[in-house]
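Engineer: Sharing a model that was predicted from the sequence below.
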Amino acid sequence: MLDTVSEWLHMENPHCRVFSSKTSGDWRAFIDPKIANHGVVIFHETTVDVIHRYPSILKLLVNKKPAHTFWCLGESLRLRPAYPSIRSAHDITEVGAIELTRLFPHGSSILVTPSFLVAEPQRALQLFDWYKKTHAKPSANTKIVAAASLSKFLQGIALDRADQMRSMLAGGSTQDAVERAGLGYDDCMARFETWTAVESFRQSFMESIEADEQLEPIIFAPECIDANDEQSLVNWFGCWSQTRYDQFRKFFVLGTDRRLEARHSIKYEDLPLYSPGTDRDLAAEGEPNPAAQPGDGPSSVDRLLPMGTTRLTSWDPRSITPFLMDLSKRMGTIRTGKPPKIIAKAYGFTVGYYQDVEATADSFRDFYREFKTYKQWLEFPWPFYSKMNPVHAPKHTPELNVPKLFNTYISLFYTPQGQVAEHKWEGRHPWIALYRPEHPTIRPWEGSEIVIWDVSARINFPTESQIPVSRLNHAQQYLIGFVEEHGRLNNPDLPLTRVWLGGEQPPGDILPLDATLDALEAMCMNPDQATMPEEKDLIESGFRPVVLRAQNDAQTHTGSPSDMELDPTEDLFAEEDDPKSKTIFHPPRSPRPIRASRCENLLFKWVKDVARRDSSRSVFSYTFTPTVEWYERQQLAENRNFEHIYVGSWKNIFDWLRIPEETTYKRIQDRKETAEDSRR
C-alpha cells in the first residue's frame with residue numbers, strides 16, 4: 001500500500017516530494033522546517049496505535065500557523081475500524097474498502113490536573129470563565145477533561161482553604177502572611193467561584209436525556225481513578241486521546257511546574273483503596289533490549305544508560321580519577337581570608353565495591369580493580385581532628401607529625417545498581433557521601449554522621465519526613481552498616497549516630513553522573529557552604545534524617561533489610577469486586593527499554609508508605625510533585641511519554657487557547673469591594 005500511494009502521488013504531481021517510513025531519517029527530515037515547512041502526513045490504519053511515539057509530532061500540531069494536515073488511510077481491515085471514531089452503529093464497512101479520515105483537524109482538549117486546581121486558583125477560575133463563554137459556540141471545538149469527582153474535589157479545596165484563612169486571621173496572622181500562604185480573599189473567592197462554575201456545567205449535564213460525549217460540557221475520567229491521582233489521570237487521558245485523533249488537533253495537560261507548591265488535605269476516610277494487582281506495571285516488565293549492539297556507537301549508548309557522562313570522556317576510573325585528584329589538589333589552594341569552619345578532604349578515587357568484590361569487578365570488566373572498596377575508602381583518611389579537639393588526634397603521634405586539621409571526608413561513590421542476575425548489574429549509580437563528626441562546627445564532638453547526596457533522593461522519597469534505613473539502596477545501607485561496625489577503628493570516640501539523605505534533581509538534559517560531579521566540585525571548592533555543616537542548613541536544603549536500625553522499633557530484628565519494612569497491605573487494597581476501588585493507569589510501554597523502569601505512581605507510594613502507616617490521624621497533607629517534574633523524570637526519560645500531548649503549566653497553554661484574564665480579575669475585585677462595603 002505504501003508503494004502504491006507513493007506512486008499515485010508522483011503520478012498526480014511529478015514535483016511532489018515523498019517522505020517514507022521505509023527510508024531511515026525521512027521523518028526527521030520531514031519535521032525540519034528548513035527541509036519541509038509544510039506537508040501532508042498519511043498514516044495507515046495499522047499505524048495509528050503508535051502515533052503517540054512519533055518524535056516531535058507535537059511541533060507540527062501546536063504551530064500557530066498550521067502548515068500540516070493529517071489523514072488516516074483505512075482498508076477496513078476490521079469490522080469496526082478505529083477511524084472515523086464517530087459513526088453510526090448501523091454503519092458497517094466492507095472489508096477492503098478504502099477510507100480516508102482527517103486526523104488532527106482543529107480544536108483542543110484540555111486535561112485539568114488536580115495540582116493545577118490546588119496551586120492556581122485564579123488561573124483555574126480564568127479557565128472556566130473562558131470556557132463557559134466559548135464551549136457552546138457552534139464554531140468552538142474545545143473540551144475540558146477532568147477527574148470524575150471534580151465538583152467534590154473543588155468543594156473540598158474551597159472549604160478547607162477558607163477554614164485555614166479564618167484560623168490564621170483568628171490567630172493574629174497579618175493579611176500579608178495570609179496572602180503569602182495562598183489564602184487571601186482573591187484566592188479563596190476564586191476557589192468558590194470555580195466550584196460554582198463546574199456545578200453549573202454538571203447541572204446541564206444531568207438534565208440531558210442521554211449521556212453523549214459530544215454534548216457534554218466536561219468529559220469526566222472514569223470513577224475508578226482517584227481525583228488526587230494525577231499520573232493515572234494523565235495516562236488515561238493519553239489513552240483516551242488516541243481514540244480521538246479525528247476530533248481534536250491539540251491535546252493539553254494543564255499542570256504545574258517547579259515554581260509552585262501544591263499541597264492538599266486528604267481525610268483518612270478519603271484515602272483510596274486500590275484494586276488488587278493494580279500497582280503492577282505490566283508495560284515495564286518486558287525484557288530490556290540489549291543496550292550495546294555491535295553496530296551502535298558507544299557514545300549514544302552511554303548517553304542513555306545511567307552511567308553516561310558528557311562532562312568526562314568516559315565513566316570509567318581512568319577518566320574519573322584524574323578529575324578527583326585535580327579536585328583534591330585544588331582544595332588545598334582555597335583562600336577565603338578567614339579561618340574556615342570546615343576542613344575537608346576529598347578521596348581521590350571512586351568507591352565502587354562493597355561486597356563480592358572480585359565477582360563484581362570482573363562483571364564490570366574492571367580487571368585492574370581501579371574502583372576502590374569500602375575498606376580501602378575507610379582506611380585512607382586520618383582520624384577526625386582539629387585544634388579545638390586535640391583528643392581526637394591519632395594516639396602516640398609525635399608532635400611534629402600531627403596530621404593536618406580535618407573534620408569532613410568527601411567521597412564519590414559509583415556503585416552497582418539494578419541486579420538482573422548473580423554478579424550481573426545493569427549499570428552504576430553515582431552518589432556522594434560526607435563522613436564527619438556530628439555537628440562538625442560545635443565542640444566537643446560526641447558522635448559522627450554520614451550525609452548522602454543522591455540525585456534520585458527526591459524521586460524515591462518525595463513526601464517522607466524521615467526515611468527508614470531499609471529503604472535506601474543496598475550500597476548505601478551497606479555503607480552505614482560498614483561505618484557502624486568499623487568506623488571506631490579510626491574514630492573510637494565518635495560512633496555513628498546520624499545519617500541524612502538529600503540531593504537535587506538535575507534538569508532533563510543533565511545526566512546523573514554529571515550532576516553528581518557538579519555537586520561534588522561545589523562541596524570541595526566551598527565546603528563551608530556546600531557541605532551544609534549545620535542541621536538547619538541540611539533541612540533547608542531538603543535533606544531528611546534516616547532512621548537507623550538502632551533507632552527503629554525493630555532494632556532486634558535480624559532478617560534482611562527489606563523484611564524490616566511494614567507493609568500494611570490489608571489497608572491498601574479493596575476487596576476483589578469492590579465498585580469503589582481505585583485503579584492505577586500506568587504509562588505506555590517504551591519502544592526501546594534500556595533498563596528496568598523507574599516509573600512509579602506517587603500517590604500509591606505515598607498512601608502505602610505514609611498515610612496508611614498512621615491510622616491515628618484524621619487528616620493528611622499531601623504535596624503534589626509538579627506535573628512537569630514527574631513527567632520529565634519518569635515518562636519522558638524512559639520514552640514512555642505521549643509525543644502528541646503538550647504537558648506544561650498554564651502560561652503557554654493559555655497563550656495557545658487565547659484565554660483573556662481581565663474579565664475574571666475585574667469580577668473578583670468587584671466582589672471584594674462589595675464584601676468590604678457590606679462589612680462597613
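Structural biologist: Good, I have the coordinates.
Engineer: quick one, what contacts residue 136?
Structural biologist: When contacts are counted by C-beta atoms under 8 Å, 6 or more residues apart in numbering, residue 136 is found next to residue 217. For the C-beta atoms, the positions are set from N, CA and C on the backbone; glycine is no exception.
Engineer: Kindly report the same for residue 533.
Structural biologist: Contacts of residue 533 (C-beta under 8 Å, 6+ apart): 341-342, 408, 439-441.
Engineer: and it, how far is that from residue 235?
Structural biologist: 43 Å (C-beta to C-beta, to the nearest Å).
Engineer: Which segments of this protein make up each domain?
Structural biologist: Domains of the chain are assigned by automatic domain parsing as 2-103, 108-278+581-679, 324-553.
Engineer: worst average pLDDT in the ones you listed?
Structural biologist: Mean pLDDT per stretch puts domain 324-553 lowest among the domains of the chain, at a mean of 82.
Engineer: now the residue nearest to residue 28 when sequence neighbours are not counted: how far from residue 591?
Structural biologist: Leaving aside its chain neighbours, residue 28 sits nearest to residue 55 (7.5 Å; criterion: C-beta to C-beta, 6 or more residues apart in numbering). From residue 55 across to residue 591, the span is 11 Å (C-beta to C-beta).
Engineer: quick one: the strands in the stretch 501-650 of the chain?
Structural biologist: 544-547, 619-624, 645-648 (DSSP state E, counting those that start in this stretch).
Engineer: and the ones you listed, which is most packed in?
Structural biologist: Stretch with highest mean neighbour count among these: strand 645-648 (a mean of 21; mean count of other C-beta atoms under 10 Å).
Engineer: Can you give the distance of the helix or strand following it from its chain's centre?
Structural biologist: Next in sequence after strand 645-648, counting helices and strands by DSSP states H and E, comes helix 650-657. Distance of helix 650-657 from its chain centroid, counting by C-alpha atoms, centre = their mean, to the nearest Å, is 22 Å.
Engineer: buried sites along helix 650-657?
Structural biologist: 650, 653-654, 656-657 (16 or more other C-beta atoms under 10 Å).
Engineer: contacts for it?
Structural biologist: 62, 64, 108, 110, 116, 120, 123, 126-127, 130, 142, 250, 252, 254, 646, 661.
Engineer: what does stretch 255-268 give?
Structural biologist: Under the criterion C-beta under 8 Å, 6+ apart, residues 113-116, 118-120, 156-157, 160, 228, 230, 234, 611, 615, 617-624, 626-629, 631, 647-649 lie in contact with stretch 255-268.
Engineer: let's go with 6 Å and repeat that
Structural biologist: Identification of contacts with stretch 255-268 by C-beta atoms under 6 Å, 6 or more residues apart in numbering yields 113, 115-116, 118-119, 160, 618-624, 626-629, 649.
Engineer: what's the answer for stretch 513-532, then?
Structural biologist: Residues outside stretch 513-532 that contact it (C-beta under 6 Å, 6+ apart): 309-311, 315, 327, 331, 340-342, 344, 346, 408, 410, 412, 430, 432, 434, 453, 455, 506, 538, 541.
Engineer: If we use 8 Å, what do you get?
Structural biologist: For stretch 513-532, contacts defined as C-beta under 8 Å, 6+ apart pick out 306-312, 315, 323, 327-328, 330-331, 334, 336, 340-344, 346, 408, 410, 412, 414, 430-432, 434, 436, 451, 453, 455, 503-504, 506, 510, 538, 541, 543.
Engineer: Filter those residues down to the buried ones.
Structural biologist: For the contacts of stretch 513-532, a burial check counting by 16+ other C-beta under 10 Å picks out 306-309, 311, 315, 323, 327-328, 331, 342-344, 346, 408, 410, 412, 414, 430-432, 434, 436, 451, 453, 455, 503-504, 506, 538, 543.
Engineer: Among those residues, which are located in helices?
Structural biologist: 323, 327-328, 331, 538 (DSSP state H).
Engineer: and which of those is nearest residue 19?
Structural biologist: Taking C-beta to C-beta as the measure, residue 19 lies nearest residue 323 of those, at 44.2 Å.
Engineer: Could you give the bridge partners of the residue nearest to residue 112 when sequence neighbours are not counted?
Structural biologist: Excluding its sequence neighbours, the residue lying closest to residue 112 (C-beta to C-beta, 6+ apart) is residue 146, at 4.8 Å. Beta bridges link residue 146 to residue 220, judged by DSSP bridges.
Engineer: what residues are up against residue 146?
Structural biologist: So residue 146 contacts 111-112, 218-221 (C-beta under 8 Å, 6+ apart).
Engineer: ok, now which ones touch residue 281?
Structural biologist: The contact partners of residue 281, taken as C-beta under 8 Å, 6+ apart, are 586, 597, 599-600.
Engineer: quick one: buried residues of stretch 575-582?
Structural biologist: Applying 16+ other C-beta under 10 Å to stretch 575-582 flags 581-582 as buried.
Engineer: how far out from the middle of the chain is it?
Structural biologist: The chain centre lies 28 Å from the centre of stretch 575-582; the measure is C-alpha atoms, centre = their mean.
Engineer: And the contacts of it?
Structural biologist: Contact with stretch 575-582 is made by 224-226, 229, 272-276, 278, 573-574, as judged by C-beta under 8 Å, 6+ apart.
Engineer: Quickly run through the sheet partners of the helix or strand hosting residue 428, with directions.
Structural biologist: Per DSSP H and E, residue 428 falls inside strand 424-437. Using DSSP bridges, strand 424-437 pairs in its sheet with strand 408-421 (antiparallel), strand 448-453 (antiparallel).
Engineer: Reformat the buried residues of helix 650-657 into CSV and put distance to residue 47 next to each item.
Structural biologist: Output for those, formatted as CSV (distance: C-beta to C-beta, whole Å):
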residue, distance to residue 47
650, 33
653, 28
654, 33
656, 27
657, 29
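Engineer: Which two among those residues are spaced furthest apart?
Structural biologist: Across the buried residues of helix 650-657, no pair lies farther apart than 650 and 656, at 10.7 Å, counting by C-beta to C-beta.
Engineer: Quick one: the strands in the stretch 51-200 of the chain, in order.
Structural biologist: 68-74, 99-103, 108-112, 142-146.
Engineer: nearest to residue 459, of those?
Structural biologist: Judged by C-beta to C-beta, the one of the strands of the stretch 51-200 of the chain that comes nearest to residue 459 is strand 108-112, at 22.8 Å.
Engineer: sorry, back to before: hey, which of the strands of the stretch 51-200 of the chain is tucked in deepest?
Structural biologist: Ranked by mean neighbour count, the strands of the stretch 51-200 of the chain are led by strand 108-112 with a mean of 23 (mean count of other C-beta under 10 Å).
Engineer: Neighbours of the residue lying closest to residue 573 once chain neighbours are set aside, how many?
Structural biologist: Leaving aside its chain neighbours, residue 573 sits nearest to residue 276 (4.9 Å; criterion: C-beta to C-beta, 6+ apart). Residue 276 has 14 neighbouring residues, counting by other C-beta atoms under 10 Å.
Engineer: mind giving me a markdown table with the ones in helices among the buried ones among the contacts of stretch 513-532 and columns for distance to residue 182?
Structural biologist: Below are these laid out as a markdown table (distance: C-beta to C-beta, whole Å):
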| residue | distance to residue 182 |
| --- | --- |
| 323 | 44 |
| 327 | 43 |
| 328 | 46 |
| 331 | 43 |
| 538 | 27 |
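Engineer: Closest one to residue 214 out of the residues you listed, please.
Structural biologist: residue 538 (55.3 Å).
Engineer: Roughly how far does residue 172 sit from residue 178?
Structural biologist: Distance, residue 172 to residue 178, using C-beta to C-beta: 11 Å.
Engineer: likewise residue 455?
Structural biologist: Distance, residue 455 to residue 178, using C-beta to C-beta: 36 Å.
Engineer: about what we covered before: as TSV, the contacts of residue 281 with neighbour count would be great.
Structural biologist: Shown next, in TSV, are these (neighbours: other C-beta atoms under 10 Å):
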residue	neighbour count
586	22
597	21
599	19
600	18
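Engineer: now, among these, which is nearest to residue 371?
Structural biologist: Of all the contacts of residue 281, residue 597 has the smallest distance to residue 371: 26.7 Å, by C-beta to C-beta.
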